[in-house]
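# Okay, structure incoming, though there's no sequence with it:
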């Protein structure tokens, strides 16, 4: 039996009412690459942050090299030989590589010696692992792949024997990712232990020895990679959630309401988030966009709704173009019948400090129905809010209550009521039921289908595969910014899961 | 030759006027580089000036005065830290509060202790920092050009003036050549990087604020124990804010800070010198224009019309561990 | 919103917490009084009696409050839009220029009730103008509004000295101030209102601009909570992302909010110039713009709270003057200390006691704290 580098026993961690980790048991064998997979929010990052001393577990035990360890700060973790490469790099952008490497690990009060030592140490690491990087380069001038390499070097410089990587390939191109994997394999050959957190099954299959699957805060299975399949992992990851299927008839798709052509969106760093996406949305149908979070769905929604600048391509609403410069007036789009339920209701869709009735006009506050000259028509607004409260069964039924005091499901209903009651021709919805209780989910799904049956065009983006399958008349799968496949609602979970993991695309390309 | 003498005199008063700015500016540099905005430089200078003059006159020692100035100024810096680091309060609001408390308490306590309308007693010779005359001043005084420069500009300042200018390379050295400086710069740019490297963000920022307090203390002591022979109410008269402007103007760099403070000091010296005297070509320049120039220049700089002043990225934001 | 704190009932949020913060500020101030060898309780009694004991005291209290209502409203309007206008001092000072020009031009030809509206417009316009540039620079060029408004305070000071010495003061006079305004630019006193209640007033500068301040408080309430513009400002102030989503232009809303804020700051110049001194003099604002920060924080950015907080600070100014008279060890600068302490405890340390109060409420009745409801975040 190989020796365990790390054992986690009965780890629990809650944030407020959210149980991020429940009773986690995990053993990581020395000298192996151990993958941890799971959907977003499954609790992988929390677990690793506990291991790295960034958070404290509420209960449970950590053993490193067989010895019980108390890891209260990252310092403790570093002392135990644990290093971490965070998803968002912990680098000082305007520092040089050397400065970043020695930060917190300086040998004495003056920098000269530390820098000299780090310089020769980096040369050694470069020789041993092929981790070449110019030690005097400034971080912000380096490509993302090299920045990540600096993070790995930081950990190795501190003598890490166990290296945790949190979603390391999220920001990498496929070529960069392949290079990373070669480095990780080399680390393993040198006897280091690597923990790889990801939601990409291809990566797991490609380089891990063992894989553990997390779902909703629990550890559901651990498998030897050689003895499992992508299909099995996908199923374990997604689980078989019980979801009340809402009855719906056949779609009667009409004319094209929204036409997206060759849309490309880049983020502020210039990384392509939406890559040449084209599709049509017709009246009387629900199109669902499936995909693991972070594959460009958010950016796609924002570009269509005029909030985000698109580099190229076009979006036609009822045959007329939408301004994609990022300076579009969302008010004008609303007038043209485009309603948008944003993914982030806490910061975008709602102002939590507002009273419920104030949020029920957000974005429609220009509507003469709510105005008396320059003044808001408070009575009209409140009556309108009360109507929506009744119609959408929003609880508590108090339009003067602060929005922050409503539960997630009711907050979402406030947004939906506002957008649906404007009777838009096109409704685009991001994560319709994120953080929403089961009862409200069914209600929201019924509403969306009712919209469709009234002949509206509905675009739904969700990371919940079940939701997509239950709602959609057509399913588009997004991976790495592209639409990698279109399926009907009858497509199986496994089939969609593979598409979402980018597996078929890779195979087709190879 | 008259013009030459006049220039030397203006430069001499430039040095004298820029010293408090320079000390306060470097003080601000430590805290802002660590990611803590500090508009309370003014107040800390003021309490430093008061504590210095008061202690010097009571204990009859300039150095005890200086020590007290530093001590009290550091205490105020720690209040700022308590509010903005420990309790994650608004750094601007905290700075404003410190300026108010400083303005009121110096006068109140001054009146209570010395009964001279908020002033401290005039400092006797041993209680203030005297000018240091360099060797050979008398010998070279007669030499043209070099003589006046050596005897007026270089020699004949108090120890605090030399300390202020030595603080420039020293601060540069601390910032770019020591472990503390590396971490301080890092915490102002990306506190999460510092936190994950196993360094306490709060303690680091507190230490930066202590440096700020020490320097504003010295700046205050200079005002009340060198430039003036005692404390006068509101004697900082906005110098803390000019120092802040100079800091932005210097783009948070020590050597730039020296030049910015010398420039602002020069404008001040010039406006005093030129009061009422018409300039060739331009004519009479209103003294107020010269006084406003540092602020106008800073606004123009901030607007990005002459270069871009990029503040430390984490500045003004309390550090909260991300979920 | 980003606040990590659970909700308290409104009365605790808007009443209890400010009162506790204020109380702590006064306790600390009490220690300062002790330090100078006086009895803090007696000092408190003198302070309150001086401010409210006699008719003249009340009139002075309200006179000081008038200026603070304007400056507090100014800070609040900007704050509702998420902006920290620390430039009220300069905006109020520069407004003196507009008032000076209007009064000097018209005081001999127009009656006060015609000069006053002109002066209101001039002061508001000058204040708004002085806020416009920092607002524009923030919205379009990204410069930090706190720094630019501080710089503009100093620039305003230079401009005013230049104007007063250059052309506003009479040629023969040495003092850097305008000539005394004639009757056509002197605001009528309001002391008779207090005398209606039977109090006697010797002479106090309380004047009609107090009523203007109350009207502005009402209008600010109307603006913030009852107009579309105020709605947009609050949306932007709470969440710029939500504002973007709702189609609210960032540039427009920042500039408009700052100009309104500047106009209010400008109007605070009416009270000391036309209402009291009957001239425009050097440094006539004397820190009232900064007091507005304390007033707005204390008043929780609500006009009613601001009027109350302004009266509280008016009381401090008037009672503080009495206190300085009665207790020689305490000078009027005690007020400045108290202001600083109020800003510290009600502003920078506003959340210091919050967790304890929340824990207290939670232990009494968990439901009122609404912990259950707020968790909507994750789940």
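Thanks, I have it. Computed from a prediction, not measured in an experiment: that's the story for all the values here.

# Show me where chain B has its helices.
Along chain B, the segments classed as helices by DSSP state H run B:2-33, B:41-59, B:62-81, B:91-114, B:137-140, B:146-148, B:159-177, B:179-189, B:191-196, B:201-222, B:239-249, B:254-273, B:287-302.

# out of those, deepest packed?
Burial of these is given as mean neighbour count (mean count of other CB atoms under 10 Å in any protein chain shown); helix B:41-59 ranks first at a mean of 30. (Each C-beta comes from the backbone N, C-alpha and C, glycine too.)

# quick revisit: let me have the helices of chain B in JSON lines, extended by distance to chain A.
Putting these into JSON lines (distance: least, CB to the nearest CB, whole Å) gives the following:
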{"stretch": "helix B:2-33", "distance to chain A": "12"}
{"stretch": "helix B:41-59", "distance to chain A": "24"}
{"stretch": "helix B:62-81", "distance to chain A": "21"}
{"stretch": "helix B:91-114", "distance to chain A": "19"}
{"stretch": "helix B:137-140", "distance to chain A": "37"}
{"stretch": "helix B:146-148", "distance to chain A": "38"}
{"stretch": "helix B:159-177", "distance to chain A": "6"}
{"stretch": "helix B:179-189", "distance to chain A": "4"}
{"stretch": "helix B:191-196", "distance to chain A": "4"}
{"stretch": "helix B:201-222", "distance to chain A": "11"}
{"stretch": "helix B:239-249", "distance to chain A": "17"}
{"stretch": "helix B:254-273", "distance to chain A": "16"}
{"stretch": "helix B:287-302", "distance to chain A": "19"}
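
# Serialize the ones you listed to JSON lines and add fields for mean pLDDT.
Converted to JSON lines, the helices of chain B look like this (pLDDT from 0 to 100):
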{"stretch": "helix B:2-33", "mean pLDDT": "92"}
{"stretch": "helix B:41-59", "mean pLDDT": "96"}
{"stretch": "helix B:62-81", "mean pLDDT": "96"}
{"stretch": "helix B:91-114", "mean pLDDT": "91"}
{"stretch": "helix B:137-140", "mean pLDDT": "82"}
{"stretch": "helix B:146-148", "mean pLDDT": "81"}
{"stretch": "helix B:159-177", "mean pLDDT": "96"}
{"stretch": "helix B:179-189", "mean pLDDT": "96"}
{"stretch": "helix B:191-196", "mean pLDDT": "92"}
{"stretch": "helix B:201-222", "mean pLDDT": "97"}
{"stretch": "helix B:239-249", "mean pLDDT": "90"}
{"stretch": "helix B:254-273", "mean pLDDT": "90"}
{"stretch": "helix B:287-302", "mean pLDDT": "84"}
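
# what about the ones you listed, which gets the closest to residue A:281?
For residue A:281, the closest of the helices of chain B is helix B:191-196, at 40.0 Å, according to CB to CB.

# ok, residues contacting that closest one?
Outside helix B:191-196, the residues that touch it by CB atoms under 8 Å, 6 or more residues apart in numbering or on different chains are A:52, A:54, A:74, A:84, A:86, A:88, A:90-92, A:100, A:103-104, B:35, B:183, B:186-187, B:201, B:204, B:314, B:319, B:321-322.

# swap in stretch C:19-26?
C:44, C:298, C:312, C:338, C:341-342, C:344-346, C:349-350, C:353, C:357.

# Identify those among the contacts of helix B:191-196 that sit within strands.
residue A:84 (DSSP state E).

# Any chance of a ChimeraX selection covering the buried ones in the contacts of helix B:191-196?
Only the buried members of those end up in this ChimeraX selection, burial being decided by 16 or more other CB atoms under 10 Å in any protein chain shown:
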select /A:52,54,74,84,86,90,91,92,100,103,104 /B:35,183,186,187,201,204,314,319
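
# As CSV, the helices of chain B with distance to residue C:118 would be great.
Supplementary listing: those in CSV, determined by distance: least, CB to CB, whole Å:
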stretch, distance to residue C:118
helix B:2-33, 42
helix B:41-59, 37
helix B:62-81, 44
helix B:91-114, 34
helix B:137-140, 64
helix B:146-148, 58
helix B:159-177, 51
helix B:179-189, 50
helix B:191-196, 53
helix B:201-222, 46
helix B:239-249, 34
helix B:254-273, 35
helix B:287-302, 27
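
# For chain A, list the residues in contact with chain B, please.
Residues of chain A lying near chain B by CB under 8 Å from any CB of the partner chain: A:15, A:52, A:54, A:73-75, A:77-78, A:84, A:86, A:88, A:90-95, A:99-100, A:102-106, A:108-112, A:114, A:154.

# check those residues against chain C, which are close?
Near chain C, judged by CB under 8 Å from any CB, the entries from the residues of chain A next to chain B are residue A:15.

# The residues of chain A next to chain B in helices, which ones?
Short answer: the residues of chain A next to chain B in helices (DSSP H) are A:74, A:75, A:77, A:78, A:99, A:100, A:102, A:111, A:112, A:114, A:154.

# which among those gets closest to residue B:229?
When these are compared for distance to residue B:229 (CB to CB), residue A:111 comes out closest, at 42.8 Å.

# does the closest one really touch residue B:182, like I thought?
Yes: between residue A:111 and residue B:182 there is a contact under CB atoms under 8 Å: 6.1 Å.

# Mutual contacts of those two, please.
Contact criterion CB under 8 Å, 6+ apart; residues shared by residue A:111 and residue B:182: residue A:102.

# Which pLDDT value goes with the residue in chain A positioned nearest to chain B?
Of all residues in chain A, residue A:104 sits closest to chain B, at 2.9 Å by CB to the nearest CB. Looking at residue A:104, its pLDDT reads 90.

# what does residue A:380 give?
Residue A:380 carries a pLDDT value of 95.

# residue contacts, it?
Applying CB under 8 Å, 6+ apart, we find residue A:380 in contact with A:369, A:370.

# Next, give phi and psi for it.
phi -60, psi -40 (degrees, to the nearest 10).

# now it: how far from residue B:116?
Note on residue A:380: its distance to residue B:116, by CB to CB, to the nearest Å, is 67 Å.

# Name all residues that make contact with residue C:216.
Here residue C:216 is in contact with C:69, C:70, C:73, C:264, C:267 (CB under 8 Å, 6+ apart).

# Try it again at 7 Å.
By CB atoms under 7 Å, 6 or more residues apart in numbering or on different chains, the residues touching residue C:216 are C:70, C:73, C:264, C:267.

# Helix or strand: which one has it?
Element membership for residue C:216, per DSSP states H and E: helix C:209-226.

# Next, count neighbours for residue A:155.
Neighbours of residue A:155 under the rule other CB atoms under 10 Å in any protein chain shown: 22.

# what comes up buried for the helix holding residue C:216?
Here helix C:209-226 shows C:209-210, C:212-213, C:216-217, C:219-221, C:223-226 as buried, counting by 16+ other CB under 10 Å.

# for stretch A:45-60, same thing?
If you call a residue buried by 16+ other CB under 10 Å, then stretch A:45-60 has these buried ones: A:45-55, A:57, A:60.

# least trustworthy helix or strand in chain A by mean pLDDT?
None of the helices or strands of chain A scores lower by mean pLDDT, DSSP states H and E than helix A:503-509, at a mean of 51.

# mind listing what the residue of the stretch 51-200 of chain B found nearest chain A touches?
Across the stretch 51-200 of chain B, the shortest distance to chain A (CB to the nearest CB) belongs to residue B:197, at 2.9 Å. Contact analysis of residue B:197 by CB under 7 Å, 6+ apart lists A:74, A:103, A:104.
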